[in-house]
Structure formats: C-alpha cells, structure tokens
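Engineer: The following comprises the amino acid sequence and a computationally predicted model.
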There are 2 protein chains.
Amino acid sequence: MGVKERKERDKLEMRDKILQSAHKLFLEKGFDQISLRSIAESIEYSPATIYLYFKDKNEIFHALHQQGFGMLNQAFQPLTLIASPFDRLREMGKAYIQFATTNPEVYELLFIRTEPMEHLATCMDDQWTEGDRAFDVLLHTVKGCQEQGYFVGLDTQNMSMLIWSFIHGLCSLGISKHISHVKEARDNQMVIDEIMNNTYQTFQLMLERLKN
Amino acid sequence: MGVKERKERDKLEMRDKILQSAHKLFLEKGFDQISLRSIAESIEYSPATIYLYFKDKNEIFHALHQQGFGMLNQAFQPLTLIASPFDRLREMGKAYIQFATTNPEVYELLFIRTEPMEHLATCMDDQWTEGDRAFDVLLHTVKGCQEQGYFVGLDTQNMSMLIWSFIHGLCSLGISKHISHVKEARDNQMVIDEIMNNTYQTFQLMLERLKN
DNA sequence: ATCTAAAACTAAACACCGTTTAGTAAATTT
DNA sequence: AAATTTACTAAACGGTGTTTAGTTTTAGAT
C-alpha cells in the first residue's frame, strides 16, 4: 500500500515546486520583489497553501539558503584535488569570486542578507554548520600554506579570517553598487569585474611576498 | 517682509524633524521596522504630510545616507593631522572599524543596503561624490606609504581597493551574524569585537612586512 | 475687516504585503 | 456508503507605501 509513500513524495514535490518558483522569482525580479502571493500565483495555488508546506516566509529563505550553500560547496568540490595548498588557496578565491559574480542574488542571500541568519538563531539545531565546514576548509588550506613557508608567525585563524574578509568585502562591493571612484563603473559590469580581478591579483601578489 | 524667509526656514525645520525622527526610529527599531506611518506618528502629523517634504521613502533614506557620510567624514577629520602615511593608514582602519561597530545601522545604510544607491543611480546629479572623496583620501595615503617604501611595485589603486575591501568585509561580517566558526561568537558581541581586532592586527602585521 | 488665492495639512482610499481563520471539496479509511 | 482525515482556498486582519480629493489655515490685496 504505497499511498502513504506517494503522499510523502507529493509533499516533497510541492515543497520543491515552491522553492523552485521562489528561486526563479528572486533571480528574475530581485530580492524584495518576491512575495508569497507572487510565488503562489506562479505555481497556481492560493497563498494560504504555501503555509501548509512552510511555517513562514523565513523558512522559505532558509531553505533557499541551504540550497545556495549546496551550490557553493559544489563549486569548491573540484578544488580539493589541487595538491599545493597555495595554489588551492588561489583557486578557492577565484572560485568564490566567480560564484559571487555569476550568482549575485544567491551570494547576497548567503552572506549579506541577515534574514535567514536571524531565523536560524532562533532555531536550536545548528544548521549553519555548512558555513563552519567551509571555514574549516579554508583554515586547513591556510595551515597547509604555513607548512610550506607562507604566513609564518601569523595566527592561522586570524589569517583565514583576513582572507575571508578580503574576499567577502571585494565581492560585496562588487555586487552592490558601492564601487565608485571610477565613474565608468557605475553601471558597467565589465568595468566592475575588471576592478575585482585586478584587486584580487594584487592580493595574490601580496600573499606571494609573504613567503619565508 | 521676512515671511517668505520664515516659511523657508519652517520647511527646512520640518524636513529636519522628519529626518531626525527617522534616524531615531531606525536606531531604535532597526531598518525594516521604520515605516512612513511610524515616522508620521512620532512627529504627530499624518503620513501624507511627509510627501510634501520628500518625494518618497527612498529620498528619506538618501538624506540619511548623506547625513551618515557626514558622520563618517567627521570621524576621519582628526586623522589628517597624522604626518606618517603608514600610521595614518593604520588609524584610518581603526577609525573605520570603530565607526562601523558603534554605528552598525548607519554603516549598514552607507555600505551594505542598496536602496539609496539605486535611488542615486536614477538621479542625474552625482551626489555620491562624498564616497569618491573618501576613497581619494585613501588613495593619497596609500601613495604616501609607497613613497616611504611600502607596497612597492603594487598599483596604488588596486592596493587601495584591496585595503577597503578587507576592512569593509571585516566590518560587514562583524555587523551581520555571519561570523560563525566560533560558536561563542554567535550572540556575544565582545567575542566578535575581539575577532575583528585580532584580524585587523594580523592585517597590520602583513602590511608591515611589505616594506622594501 | 473682508475677500481671495495660495499653502499646509489630512481622511480616505488604493493596491500591495505576510499571515490566520473558518470553511469547503477531495481523497482515504472504515 | 459513511466517516474521517487531508488538501485546499476565500476572506479577512493588520500592516505597508503612495495618491487623491477635499478641508483648514495662512497671506496678501482690496
């Protein structure tokens, strides 16, 4: 009697349908433009139906947040194959920037918007472990670099935090409209991308000088 | 017959009253909790009245944005007296972090939220010049450092952008709830402040190693 | 002092929003 | 076939930003 199983599948399918629709909408129209009502309309159900599958809007954001972290981890997956820690670190930075610039809305959801974080804070179960794990990977890579003579005398955790801060700051400034000081950059994404690349390259040069 | 002048004064006073009220409200209740209606209530006028002094809500944010930049510039004012560029750079970073941590809501408005920026983009008059000027100060200081043997061979603009990215990233992560990897940091502001200080100190050590 | 025209202000409405409630229709179990 | 659980929704609640139409207050001219 697989009716129970089918029902469960249906339930998950519906959840997924809602999430897919939300994802599509917030890619198309941006963040503040997603409403439960627009999600409901796009899946051709009434707004109240969504509350049968999600507690509230934050829970939808939370689910998208998890999904986004999945995407990011997937982007990092191939990099674990790189043996040299310093090379791996460089490529991790590149991949991070690449992810942020090609999925700015997702990046915003993951690292800039505070809504799902605040929601998580109220949950007892630590589901922000994905973030912890990602940071552990960074820590491990920095440690590897140090064993090869980079960043000697600098604390591993502080150095990791430094690197993350820089990359995150660069991505944040690139995604938001805050890169000024070059008037062409105001609306030209290509100029912004170039600034980001140049800045990252300079960072890389800086790190290379920190050997021995 | 100074009646016309008085009316103009009254108009400006009212604008200021609205802005003060908005500022107070968004310090008290946070960002998303400010509504035109709550502003109106706190100044004891009807919501529609606000539209006689501001085009829309974005224009209020925009005005607060300018005001916030004034505060930041004021915090930077004393630092121009520091003769040594490298010392000045260090103190600028400290002042920036200090500003961000003591006025997180203002910092969020200035550098994280995109609303007033998007509004500015539609304005023809370039009023984001304050940001440009602040960056010029940074550029000038970095150039000074280079003349004293720091960061040689690195592009001035890229280096400035690197520094701003790092500091901004650090502040962003500190303000939002995204610093994980230390479970105590989840809700303890003191731990977060310490992480930020340690990270900045490490950055400083790094820069010092880049002499010659 | 009275009339007029402009300025200041607001009540009410509009079209949204997230969320809840109460009730209907369909599917499943008995 | 009846009873019960499940899936769904219409309508409402209290909130938002904004507009409109109309009222009150003020200023200047007669």
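Structural biologist: Structure received.
Engineer: okay, CA-based contacts and neighbour counts for the rest of this
Structural biologist: Fine.
Engineer: what mean pLDDT does stretch A:202-209 have?
Structural biologist: Averaging pLDDT along stretch A:202-209 yields 96.
Engineer: low-scoring stretches of chain A, by residue?
Structural biologist: For chain A, applying pLDDT under 70 flags the ranges A:1-3, A:116-128, A:180-187.
Engineer: Any residues of it in contact with DNA strand C? List them.
Structural biologist: For chain A, the residues in contact with DNA strand C (CA under 7 Å from any atom of the strand) are A:3-4, A:7, A:33-38, A:47-48, A:51, A:55-58.
Engineer: Now do the lengthiest helix in chain A: which elements does it pack against?
Structural biologist: Longest helix of chain A, by residue count under DSSP state H: helix A:3-28. Applying 3 or more CA pairs under 8 Å, 6 or more residues apart in numbering or on different chains; DSSP states H and E, one finds that helix A:3-28 makes contact with helix A:36-42, helix A:57-76.
Engineer: What values do phi and psi take at the residue in chain A that DNA strand C sits nearest to?
Structural biologist: Going by CA to the nearest atom of the strand, DNA strand C is nearest to residue A:35 of chain A, at 3.0 Å. Main-chain dihedrals, residue A:35, degrees, to the nearest 10: phi -130, psi 150.
Engineer: ok, it - contacts?
Structural biologist: Counting by CA atoms under 8 Å, 6 or more residues apart in numbering or on different chains, residue A:35 touches no other residue.
Engineer: Mind splitting chain A into its structural domains?
Structural biologist: Using automatic domain parsing, the domain parsing of chain A gives A:1-54, A:57-208.
Engineer: Give me the contact status of the last one with DNA strand D.
Structural biologist: No - residues of domain A:57-208 are not located near DNA strand D by CA under 7 Å from any atom of the strand, the shortest gap being 13.2 Å.
Engineer: just the domains of chain A: most buried one?
Structural biologist: Sort the domains of chain A by mean neighbour count, taking mean count of other CA atoms under 10 Å in any protein chain shown, and domain A:57-208 sits at the top with a mean of 18.
Engineer: Whether the one helix or strand residue A:92 maps to contacts chain B - can you check?
Structural biologist: Assigned by DSSP states H and E, residue A:92 belongs to helix A:85-102. No - Helix A:85-102 does not reach chain B (CA under 8 Å from any CA of the partner chain); its nearest approach is 12.8 Å.
Engineer: other SSEs contacting that helix?
Structural biologist: If you count contacts as 3+ CA pairs under 8 Å, 6+ apart, helix A:85-102 packs onto helix A:57-76, helix A:104-107, helix A:129-147, helix A:156-175.
Engineer: Could you export the ones you listed as a markdown table, including distance to residue A:192?
Structural biologist: As requested, the helices and strands packed on helix A:85-102 are arranged in a markdown table below (distance: least, CA to CA, whole Å):
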| stretch | distance to residue A:192 |
| --- | --- |
| helix A:57-76 | 22 |
| helix A:104-107 | 13 |
| helix A:129-147 | 26 |
| helix A:156-175 | 6 |
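Engineer: Next, format the ones you listed as JSON lines and append distance to chain B.
Structural biologist: Putting the helices and strands packed on helix A:85-102 into JSON lines (distance: least, CA to the nearest CA, whole Å) gives the following:
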{"stretch": "helix A:57-76", "distance to chain B": "13"}
{"stretch": "helix A:104-107", "distance to chain B": "12"}
{"stretch": "helix A:129-147", "distance to chain B": "5"}
{"stretch": "helix A:156-175", "distance to chain B": "3"}
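Engineer: quick one on the thing from earlier: just flag the most distant two among the residues of chain A next to DNA strand C.
Structural biologist: A:3 and A:33 (37.9 Å; CA to CA).
Engineer: Name the surrounding residues that touch the host helix or strand of residue A:205.
Structural biologist: Assigned by DSSP H and E, residue A:205 belongs to helix A:189-208. Counting by CA under 8 Å, 6+ apart, the neighbours of helix A:189-208 from elsewhere in the structure are A:90, A:150-151, A:167, A:170-171, A:174, A:179, A:184-185, B:154-155, B:158-159, B:161-162, B:210.
Engineer: ok, now stretch A:46-60?
Structural biologist: With contacts defined as CA under 8 Å, 6+ apart, stretch A:46-60 is touched by A:11, A:14-15, A:18-19, A:36-37, A:39-41, A:115-116, A:119.
Engineer: Lovely, talk soon.
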